[in-house]
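>>> Sharing a sequence plus its predicted fold:
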Amino acid sequence: MHGTELLIVGLLVGVAGLTALAHRLDVPYPIVLVIGGALFGLVPGVPEVHLNPDVVLVVFLPPLLYGAAFFANFNDMRANLRAISLSSVGLVLATMVAVAAVAHALIDMPWSAAFALGAIVSPTDPLAAAVVMRRLGVPRRLVSNIEGEGLFNDATALVAYRVAVAVVIGGSFSLAEAGLRFVGGAIGGIAIGLAVGWLIAELRKRIEDAQLSIAVSLLSAYVAFIPADAIGASGVLAAVTTGIYMGLRGPRIIPARIRLQGFYVWDLLDFITNATLFVLVGLQLRSVANGLGDTASLSIVGYAAAISAVVIGTRLVWLFTTPYMIRALDRRPSQRARRVGWRPRLVIGWGGMRGAVSLAAALALPLETDAGAPFPDRNLILFLTFAVIFATLVLQGLTLPALIRKLGVEADGSEESEELSARLQATKAALAQIDELAAEEWTRDDTIDRMRGLYEYRKRRLAARGGWIEDDGYEDRSLAYQQLVQSVLAAQRARLVELRDEGEVSNEVMNRVMRELDLEESRLEI
């Protein structure tokens with residue numbers, strides 16, 4: 001096998017092994033994958049990895065954005081729109097300016113290159129933070145805030161990045177042109193995203209084949225991102241807008257069997273894409289370090305620590321100053337009801353980790369200016385970007401669980417109550433529909449009675465779990481029933497395997513029937 005083939009095989013094996021190690025250590029897998037990728041890249045004989053930035057931006061980024069937007073809590077994002085907007089625009093620009101100022105003063109980096117560095121490290125990657133927060137039961141509102149910021153701040157950062165790079169390679173800057181590009185790119189991206197979302201929704205509404213429908217789903221992000229990016233609009237906002245649009249319309253137009261299969265496919269795709277990206281981030285370390293040449297190691301480490309501290313510190317300062325300024329200006333009761341204390345705000349601040357978008361932007365830096373001169377401090381910018389990604393993921397990612405526990409930031413039970421209420425209301429709707437169907441000639445009385453008994457019991461059990469009625473042993477009886485059904489289903493599965501082994505049924509038939517049994521078991525928790 002050639003070196004590239006060995007690298008691909010090693011990458012796949014490494015992703016699986018490192019993910020298993022992350023689960024065993026109870027650590028978010030992006031952290032373990034970045035560290036493991038860096039160590040793997042230092043192994044003698046392993047070829048250097050050179051990522052094409054276009055591949056990262058066009059192949060990896062759109063499905064990650066679309067999937068995150070599709071499953072995002074839109075109502076939470078709308079309720080936190082002001083905070084998310086301030087962080088997605090104001091905090092990104094503040095981080096860019098702070099990093100540029102320090103890089104220029106400390107490293108003597110040209111202002112234009114320093115602003116490019118600031119734009120590169122300003123957007124957050126919420127994956128690791130969201131994994132930690134969900135596992136520790138942090139209130140959903142905080143998780144939605146982190147995810148919403150991560151969805152939209154990429155657009156601000158990439159527009160600012162393009163302006164800074166244009167200044168470096170062309171030597172000119174126009175504030176009016178930069179502002180027009182930002183506003184026009186945002187409006188264009190949202191418009192293209194809405195148009196593509198409507199088109200995809202109308203198409204999927206008419207597709208009954210599961211494989212074709214899911215294939216269209218997987219291509220949706222690219223259909224939005226690529227045209228928007230090609231005309232200079234925000235491909236990020238286009239993909240995000242399409243994802244949100246389909247997330248809102250999907251449940252009404254996508255059949256249940258296709259939706260169920262699509263959830264499994266997207267869950268797997270999201271994991272594989274993220275896992276591969278984070279390993280590739282780690283594998284860049286050797287090639288980035290080799291590009292620094294003879295620069296003193298101690299100085300490089302000091303620069304990396306300073307820039308990382310500025311990135312983390314600017315976020316904390318922003319989150320502990322702007323809310324109080326807003327409170328002084330807006331004292332409406334509706335706004336006071338949405339305020340959070342310093343503990344949740346500190347968790348959000350410490351969850352601002354950097355990831356693949358920053359790496360892709362750094363790798364996309366041109367090699368030369370229009371005048372033919374080398375792009376100033378390009379290798380140093382690459383190293384500092386990697387250092388910020390590594391520092392925020394590892395330092396903040398490993399300490400975030402302890403911080404959450406120390407501060408006592410935990411859910412208040414409202415989300416569980418919300419879910420129980422939703423299940424109860426759905427059950428009441430089922431009973432109402434059964435009562436209507438009872439009058440139809442084609443329905444049988446015994447079938448109606450059996451279904452009504454099932455949903456009446458479910459209604460009483462859910463109401464008892466929510467504390468709305470007295471618990472009369474519904475939960476104990478339900479657990480006993482689940483144990484009984486699981487035993488019966490296990491016997492059916494065992495017999496199906498025997499029939500397959502004896503050649504009585506094909507593997508395809510066995511898996512089809514097994515899937516129906518699995519779906520039946522998945523309903524036991526309801």
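It's in.

>>> any idea how far the nearest residue to Leu64 once chain neighbours are set aside lies from Arg259?
Of all residues not flanking Leu64 in the chain, Thr273 sits nearest, at 5.9 Å (C-beta to C-beta, 6 or more residues apart in numbering). Placement of C-beta: from N, CA and C, glycine included. Distance, Thr273 to Arg259, using C-beta to C-beta, to the nearest Å: 21 Å.

>>> And the helices in the stretch 1-150 of the chain?
Under the criterion DSSP state H, counting those that start in this stretch, helices of the stretch 1-150 of the chain are mapped to 3-25, 29-41, 53-55, 61-70, 74-79, 81-85, 92-107, 111-120, 127-135, 140-170.

>>> Now do stretch 203-218: everything it contacts.
Applying C-beta atoms under 8 Å, 6 or more residues apart in numbering, the contact partners of stretch 203-218 are 63, 200, 246, 250, 253-255, 257-258, 261-262, 265-266, 269.

>>> Give the buried residues for stretch 230-239.
Ala233, Ser234, Gly235, Val236, Leu237, Ala238, Ala239 (16 or more other C-beta atoms under 10 Å).

>>> what residues are up against Arg493?
Met514, Leu517.

>>> any idea how far Gly291 is from it?
Distance from Arg493 to Gly291, by C-beta to C-beta: 55 Å.

>>> One more: Asp446?
On the measure of C-beta to C-beta, Asp446 and Gly291 end up 77 Å apart.

>>> These two: who's more crowded?
Gly291 (13 against 8; other C-beta atoms under 10 Å).

>>> What sits closest to the more buried one if chain neighbours are left out?
Asn379 is the one closest to Gly291 (C-beta to C-beta, 6+ apart), at 3.6 Å.

>>> Which other helices and strands does the host helix or strand of Ile300 contact?
Element membership of Ile300, judged by DSSP states H and E, is helix 297-319. Counting contacts by 3 or more C-beta pairs under 8 Å, 6 or more residues apart in numbering; DSSP states H and E, helix 297-319 is packed against helix 92-107, helix 342-350, helix 378-391.

>>> Buried residues, stretch 269-276. List them.
Asp270, Thr273, Asn274, Ala275, Thr276.

>>> Which residue, other than its chain neighbours, is closest to Val27?
On the basis of C-beta to C-beta, 6+ apart, the spatially nearest residue to Val27 that is not a chain neighbour turns out to be Leu398, at 7.0 Å.

>>> So the one you found belongs to a helix, correct?
Yes: according to DSSP: H, G, I helix; E, B strand; the rest coil, the state of Leu398 is that of a helix.

>>> Glu470 should be in a helix, yeah?
No: the assignment for Glu470, made by three-state DSSP, is coil rather than a helix.

>>> That one - nearest residue in space that isn't next to it in sequence?
Glu470's closest residue in space is Ala464 (C-beta to C-beta, 6+ apart), at 7.0 Å.

>>> Do you know the pLDDT at that neighbour?
You'll see Ala464 listed with a pLDDT of 85.

>>> Likewise for Asn145?
For Asn145, pLDDT reads 85.

>>> was I right about Val99 contacting Gly313?
No: at 10.5 Å, Val99 and Gly313 do not qualify as touching, with contact defined as C-beta atoms under 8 Å.

>>> More neighbours: those two, which one.
Neighbours around Val99 and Gly313, counted as other C-beta under 10 Å, are more numerous at Val99. The numbers are 27 against 13.

>>> can you pull the contacts of the nearest residue to the more buried one once chain neighbours are set aside?
The shortest distance from Val99 to any non-neighbouring residue, by C-beta to C-beta, 6+ apart, is to Gly118 (3.6 Å). Applying C-beta under 8 Å, 6+ apart, we find Gly118 in contact with Thr95, Met96, Val97, Ala98, Val99, Ala100, Ala103, Ala160, Ala164.

>>> what does Val394 give?
Ile31, Val34, Ile35.

>>> The second one: what's it in contact with?
Going back to what we said before, that points to Val34. Counted by C-beta under 8 Å, 6+ apart, Val34 has contacts Phe278, Val279, Val281, Gly282, Ile389, Phe390, Leu393, Val394.

>>> any idea how far Thr241 is from the last one?
Between Val394 and Thr241 the distance is 33 Å, computed by C-beta to C-beta.

>>> Kindly report the same for Leu219.
16 Å.

>>> what about these two, which has more around it?
It is Thr241, of Leu219 and Thr241, that has more neighbours when counted by other C-beta under 10 Å, with 25 against 14.

>>> so what's that one up against?
Residues in contact with Thr241 (C-beta under 8 Å, 6+ apart) are Ala69, Gly189, Ile190, Ile192, Gly193, Leu194, Gly197, Ala224.

>>> now do 10 Å
65-66, 69, 189-197, 224, 228, 234 (C-beta atoms under 10 Å, 6 or more residues apart in numbering).

>>> Report the separation between it and Arg423.
31 Å.

>>> Next SSE downstream of the helix or strand containing Tyr481?
Element membership for Tyr481, per DSSP H and E: helix 474-501. Next helix or strand after helix 474-501 toward the C-terminus (DSSP H and E): helix 507-522.

>>> Low-confidence stretches in the stretch 1-150 of the chain?
Low-confidence segments of the stretch 1-150 of the chain (pLDDT under 70): 1-7, 45-54, 128.

>>> what about 50?
1 (pLDDT under 50).

>>> Which residue comes closest to Ala387 once chain neighbours are left out?
Take Ala387 and drop its neighbours on the chain: the residue closest to it by C-beta to C-beta, 6+ apart is Ala304, 3.5 Å away.

>>> surely that neighbour meets Ala391?
Yes: counting by C-beta atoms under 10 Å, Ala304 touches Ala391, with 7.4 Å between them.

>>> give the contact list for the closest residue in space to Asp471 that isn't next to it in sequence.
Nearest residue to Asp471, sequence neighbours excluded (C-beta to C-beta, 6+ apart): Ala464, at 4.1 Å. Ala464 makes contacts with Leu420, Glu470, Asp471, Asp472, Gly473, Tyr474, Glu475, Ser478, as judged by C-beta under 10 Å, 6+ apart.

>>> Phi and psi next, for Ala464.
phi -70, psi -40 (degrees, to the nearest 10).

>>> That one and Glu475: what is the separation?
Counting by C-beta to C-beta, the gap from Ala464 to Glu475 is 7 Å.

>>> same thing with Ala129?
In terms of C-beta to C-beta, Ala129 sits 34 Å off from Glu475.

>>> Looking at those two, which is more packed in?
More crowded of Ala129 and Glu475, by other C-beta under 10 Å: Ala129, with 29 against 12.

>>> who's in contact with the more buried one?
28, 30, 138, 142-143, 146-147, 150, 347-348, 350-353, 392-393, 396-397, 400.

>>> number of nearby residues for the closest residue to Val505 other than its chain neighbours?
In space, and not counting its chain neighbours, Val505 is closest to Leu499: 4.7 Å by C-beta to C-beta, 6+ apart. By other C-beta under 10 Å, 15 other residues sit near Leu499.

>>> Isn't Leu499 up against Val509?
Yes: because the distance of 8.6 Å satisfies C-beta under 10 Å, Leu499 is recorded as touching Val509.

>>> quick one, the helix or strand harbouring Val240 and helix 140-170 angle?
Secondary structure assignment for Val240, by DSSP H and E: helix 235-253. If you take axes from the mean of the first three to the mean of the last three C-alpha atoms, to 10 degrees, helix 235-253 sits at 150 degrees to helix 140-170.

>>> Flag the shaky bits of this structure, pLDDT-wise.
1.

>>> rewinding a little: identify the residues contacting the residue nearest to Val505.
Contacts of Leu499 were listed using C-beta under 10 Å, 6+ apart, and they are Val505, Ser506, Val509, Met510, Val513.

>>> So for the chain, the centremost residue is which one?
Ala68 (4.5 Å; C-alpha atoms, centre = their mean).

>>> Kindly provide the distance from that one to Asn274.
Counting by C-beta to C-beta, the separation of Ala68 from Asn274 is 10 Å.

>>> Please apply the same query to Ile226.
Separation of Ile226 from Asn274 (C-beta to C-beta): 21 Å.
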